[in-house]
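from the sequence below, what's the structure:
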Amino acid sequence: MSTVRLTTAQALVRWLVAQRTELLDGAEAPLFPGVFAIFGHGNVLGVGTALDEHRDALPTWRGHNEQGMALAAVAMARATHRRQVGVATSSIGPGALNMVTAAGVAHANRLPVLLLPGDTFVNRAPDPVLQQVEHFGDPTSTVNDAFRAVSRYFDRITRPEQLVATLPQVARVLTDPAECGPVVLALPQDVQAEVHDFPAALFRRVVHRVPRPRPDAREVAEAADALRAARRPLLVLGGGVRYSGAGRVAVEFAEAHGIPVTETTAGRTLVPHDHPLHAGPLGITGSTSANALAGRADLVLAVGTRLQDFTTASWTVFHPEARLVALNAARFDAVKHGALAVVGDAAEGLRELDAAVGAGYHADEDWTARAATERAAWDAHVDALREPTPKDGVPTYAQVVGVVNELSGPDDYVMTASGGMPGELVGGWRATGPATMDVEYGFSCMGYELSGAWGAAMARRRTHPEGVVTTLLGDGSYLMLNSELYSAAFAGHGFVAVVCDNDGYAVIARLQTGQGGGAFNNMYDDCRSEHAGDRRPRVDFAGHATAMGSAVLPVADLADLPAAYGRAREIAVAERRPAVVVVRTHPASWTEAGAWWEVGVPEHLAGHAAHQDGKRRQLRYATG
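Next up, the predicted model:
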C-alpha cells in the first residue's frame, strides 16, 4: 500500500483540497472553497503551516472575530444551497468558544460547516497551559466539549491515524440531506504536529453528489389517498425544497392539482411572487393571506420544513382538524405532530406523489382561486405600508424594504437575521428571483447580518458576478458584531449593508410593552445611564463604518434613499468592498401578519389573557 508521510494537519488539509462537489446545476466545484482563520498558539504552527502550503488550492481568509468568520462560513453554505462548505479554524480557549454560537446557527438551520478549533495538549506534559480550563474531576474534558451540544458530528483527534476513520464520516454528515449540520474536529496542538504514514488513497480526488433518497412506496400511496380525499389542500414549502433544487417541481405539482402554495422563512422566494397559486409566506412573520388559507385547509402538505414555531404560529395557524402530511429527507422532521410521514428527497418525493395522486385530482376551484384573492389583499396592505409618507418624520422598515425591493433584480440576494427586519423581509418582500433570500430565523443570531453577508458575497461572486448581496439590519445587530465588515473590506468582497437606526432593541421593546410590561432596558431612552437626557452619546454609524474600510452613504430622509442605495450597489460591485447605507427609522412601525406567538407571559401582565386564549387554541390542535 502506498503511503505519504505527513503531519496530522497536513493530512487534513490535503484531504480538504481533494474533496469536490456537484452543484445544483451539475457543475463541479471544490466542496471546501475556502478557510476562515484566526491563528493563535493552538493552530498557527500545525493547521496554519499546512494551510500555507496549499494557499493557492485552498484560499485562507483572515477573520477578526471567530464567531463572525464562522457565521460567514455558515452563510456561504446557504448561498450555495448546501453544496459547498465553509471551514473555520481557531486557536484554543476563547477563540474556540467564540465559534460555538456559529455552530448553533448551523445546527438550528441544518446547514453544513466544518469547524477546526485548536485544543489543549493530549500529552498533558505542560499542563495547565495558556487558555486551558481545568476540570477538577475530568482531565480529558476541555472547553471544546461545549461544541457537543451544537454539533451533528464531533470528534477529538488524539492520534494522527484517527483521520482515516473519521474523515469519511465528516464528508457524510456535511453532504447528507437528512443529517446535514455542523461538524467539529477538535485538534490538540501537539497532535496537529505529529507525523504518520497515511495511505495515499485517502487523498484521491472525490466528487460528492448529494443523494436523492426516494420515499417508501407505501408512504407515498397513503399520502396520495389522503390528498385525494382533501378538498382544500395547502402546500407549504420549506428550506429542504430549496436545498433539493425542487422549487420548479413544487410549483408544477401545485399547478397540476390547483393547490395554493405558501412558503416558510427558509423557503422564501421559491415561488414567483405573482404566481396565481402563491398565497404568500406563512406564519407570524408571514402574511394574513397565507394564514387565512392555513386556518381553512383540510390537508397541509409540508415539504422540506421542520415546522418551526414562527411558521406554525406556535401550532395555532392550522385548522385543528387538518390532516398533516410531511415530506422530508429527515424522518425526525417528517413525524412531527403526528404527521403522515413521507421520508425522501423533496423533488423525487413530489414527483412520485404526483404520479400516485393521478392527473384527475384537483382541489375545489373556489379554493384554488382563493390564493390569488387573499394575496392581492395582502399586497395592497403592503403597498399601503410602503407609501412614501414618513412616520413622525422618519422612514419605516417597510418603506426601506420597499426601496431595496424595487431596485433589486433576479441576480441579487437579500438577507437579515434578527430583530424586526425578518418580519419585514419574510412578510413584505416580493421575490426577484428563485432562492434569493437568506433570513436566519432558525437561531435568529444578532450579528449574522454583516458576517453572513461576507460569506454570501464570496459564494455568489462566482455564480452571480453582477449581482449584489444586500443585508438589512438594525443598530442593535450592527453593534453586536461588526468586525467582519473590515474583514470583507480587506478581502475585497463587496456587499451592501442597510443599517436602520431606531435607537435600540425596538422589536423586543414591542414584545415587552405589547404584553403589558414596562418599557425597560431595550430602547436607549429606557436604559440606565449616568448621563442625563441629551448628554448620552449616540453611535456614529457612518463614521464607524468608514473607519472599517467601507464606503458610507448616510440618508437624511426617505426621498434620498433610492439614490443612496443605487450608488451603494455600484460601489459594492466596482470597488469590491462593503457599502453601508445608514438611515434613521421609526421605532414602532411593523408589518403584522396577525398570528399568535407563544412567549411566557406572567399572570399579572395585561397580555396574560391573550396568552391563555392562544394556549387553548394550541391545545385544541395538538389533541384534535
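
where is the longest helix in the protein?
Secondary structure assigned by DSSP state H gives helix 365-386 as the longest helix of the chain.

output the contacting helices and strands for that one.
Counting contacts by 3 or more Cβ pairs under 8 Å, 6 or more residues apart in numbering; DSSP states H and E, helix 365-386 is packed against strand 278-281, helix 288-294, helix 397-406, helix 421-428. For glycine as for every other residue, the C-beta is placed from the backbone atoms N, C-alpha and C.

what would those look like in a markdown table with mean pLDDT, distance to residue 500 and mean neighbour count?
Output for the helices and strands packed on helix 365-386, formatted as a markdown table (pLDDT from 0 to 100; distance: least, Cβ to Cβ, whole Å; neighbours: other Cβ atoms under 10 Å):
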| stretch | mean pLDDT | distance to residue 500 | mean neighbour count |
| --- | --- | --- | --- |
| strand 278-281 | 98 | 21 | 28 |
| helix 288-294 | 98 | 24 | 25 |
| helix 397-406 | 98 | 6 | 23 |
| helix 421-428 | 97 | 7 | 26 |
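
tabulate those in TSV, adding columns for distance to residue 90.
Converted to TSV, the helices and strands packed on helix 365-386 look like this (distance: least, Cβ to Cβ, whole Å):
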stretch	distance to residue 90
strand 278-281	36
helix 288-294	41
helix 397-406	34
helix 421-428	29
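
so who does the residue most central in space within the chain touch?
Geometric centre of the chain, nearest residue: residue 440, 3.4 Å, by Cα atoms, centre = their mean. Neighbouring residues of residue 440 by Cβ atoms under 8 Å, 6 or more residues apart in numbering: 75, 105, 109, 415-418, 448, 452.

distance from the chain centre to the longest helix of the chain, please.
Centroid separation for helix 365-386 versus its chain: 27 Å, with Cα atoms, centre = their mean, to the nearest Å.

state the distance from the residue nearest to residue 132 when sequence neighbours are not counted to residue 185.
In space, and not counting its chain neighbours, residue 132 is closest to residue 120: 4.8 Å by Cβ to Cβ, 6 or more residues apart in numbering. Computed as Cβ to Cβ, to the nearest Å, the residue 120 to residue 185 distance reads 15 Å.

ok, now residue 172?
14 Å.

so for these two, which sits in the more crowded spot?
Legend: neighbour count by other Cβ atoms under 10 Å for residue 172 and residue 185, higher for residue 185 (24 against 14).

helix or strand for that one, just tell me which one.
If you go by DSSP states H and E, residue 185 is part of strand 182-188.

now for that strand, which elements pack on it?
Right, strand 182-188 is packed against helix 8-18, helix 100-109, strand 113-119, strand 153-156, helix 162-175 by 3+ Cβ pairs under 8 Å, 6+ apart.

give me the contact list for it.
Against strand 182-188 from outside (Cβ under 8 Å, 6+ apart): 8-9, 12, 42-43, 46-47, 96, 102-103, 106-107, 111-122, 142, 144, 147, 150-158, 166, 170, 173-174.

in the helix or strand following it, what counts as buried?
On the C-terminal side of strand 182-188, the nearest following helix or strand under DSSP H and E is helix 189-193. Neighbour counts over helix 189-193 (16 or more other Cβ atoms under 10 Å) mark 189-193 as buried.

hang on, the earlier thing: who's in contact with the longest helix of the chain?
By Cβ under 8 Å, 6+ apart, helix 365-386 touches 231-232, 258-261, 276-280, 287-290, 292-293, 362, 396, 398-399, 401-402, 427-428, 591.

mind redoing it with 6 Å?
232, 258, 260, 276-277, 279-280, 287-289, 292, 398-399, 402, 428 (Cβ atoms under 6 Å, 6 or more residues apart in numbering).

tilt between that helix and helix 397-406?
110 degrees (axes from the mean of the first three to the mean of the last three Cα atoms, to 10 degrees).

would you put the C-alpha positions of helix 365-386 in PDB?
What follows is helix 365-386 as a C-alpha-only set of coordinates in PDB (Å, rounded to 0.1, in the frame of the first residue of the first chain):
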ATOM      1  CA  GLU A 365     -61.900  25.600  -7.900                       C
ATOM      2  CA  ASP A 366     -63.000  28.200  -5.400                       C
ATOM      3  CA  TRP A 367     -60.300  27.100  -3.100                       C
ATOM      4  CA  THR A 368     -57.700  27.300  -5.800                       C
ATOM      5  CA  ALA A 369     -58.800  30.800  -6.800                       C
ATOM      6  CA  ARG A 370     -58.700  32.000  -3.200                       C
ATOM      7  CA  ALA A 371     -54.900  32.000  -3.100                       C
ATOM      8  CA  ALA A 372     -54.700  34.900  -5.600                       C
ATOM      9  CA  THR A 373     -57.600  36.800  -4.000                       C
ATOM     10  CA  GLU A 374     -56.100  36.600  -0.500                       C
ATOM     11  CA  ARG A 375     -52.600  37.500  -1.600                       C
ATOM     12  CA  ALA A 376     -54.000  40.500  -3.600                       C
ATOM     13  CA  ALA A 377     -55.400  41.900  -0.400                       C
ATOM     14  CA  TRP A 378     -52.100  41.300   1.400                       C
ATOM     15  CA  ASP A 379     -50.200  43.000  -1.500                       C
ATOM     16  CA  ALA A 380     -52.500  46.000  -1.200                       C
ATOM     17  CA  HIS A 381     -51.800  46.200   2.600                       C
ATOM     18  CA  VAL A 382     -48.000  46.100   1.900                       C
ATOM     19  CA  ASP A 383     -48.400  48.700  -0.800                       C
ATOM     20  CA  ALA A 384     -50.000  51.000   1.700                       C
ATOM     21  CA  LEU A 385     -47.200  50.400   4.200                       C
ATOM     22  CA  ARG A 386     -44.700  51.300   1.500                       C
END
